[in-house]
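[1] just a sequence and a predicted model for now, questions to come.
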Amino acid sequence: MDHTKTVKEAIDIKHKSSNGSCGTLIPDLAISTGIPYEELYPVLRVLYDQKYFVMKQGINGKMIFKRK
């Protein structure tokens, strides 16, 4: 099953609620979408290659920010 739409929606929600100033950690994204990490990783890889988001190093790990 393709989870791309679900992941995009979760990234968009975080982007809108924080006005683009906060990202989401990958484990938090897995929890909020209910997608296991093993299935989430390939989806993130495709979206990253499509330049849908950028990754930044945060204090607690890598964070995903929607590309402006």
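    In hand now; what should we look at?

[2] can you name the residues bridging to residue 25?
    residue 63 (DSSP bridges).

[3] tell me if I'm right that it and residue 62 touch.
    Yes. Here residue 25 reaches residue 62: they are 7.4 Å apart, a contact under C-beta atoms under 8 Å. For glycine as for every other residue, the C-beta is placed from the backbone atoms N, C-alpha and C.

[4] the two: who's more crowded?
    Counted by other C-beta atoms under 10 Å, residue 25 and residue 62 do not tie: residue 25 has more neighbours, with 14 against 11.

[5] so who does the more buried one touch?
    Listed by C-beta atoms under 8 Å, 6 or more residues apart in numbering, the contact partners of residue 25 are 58, 60, 61, 62, 63, 64.

[6] so can I have JSON lines of these showing distance to residue 14?
    Shown next, in JSON lines, are those (distance: C-beta to C-beta, whole Å):
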{"residue": "58", "distance to residue 14": "13"}
{"residue": "60", "distance to residue 14": "15"}
{"residue": "61", "distance to residue 14": "15"}
{"residue": "62", "distance to residue 14": "14"}
{"residue": "63", "distance to residue 14": "10"}
{"residue": "64", "distance to residue 14": "8"}
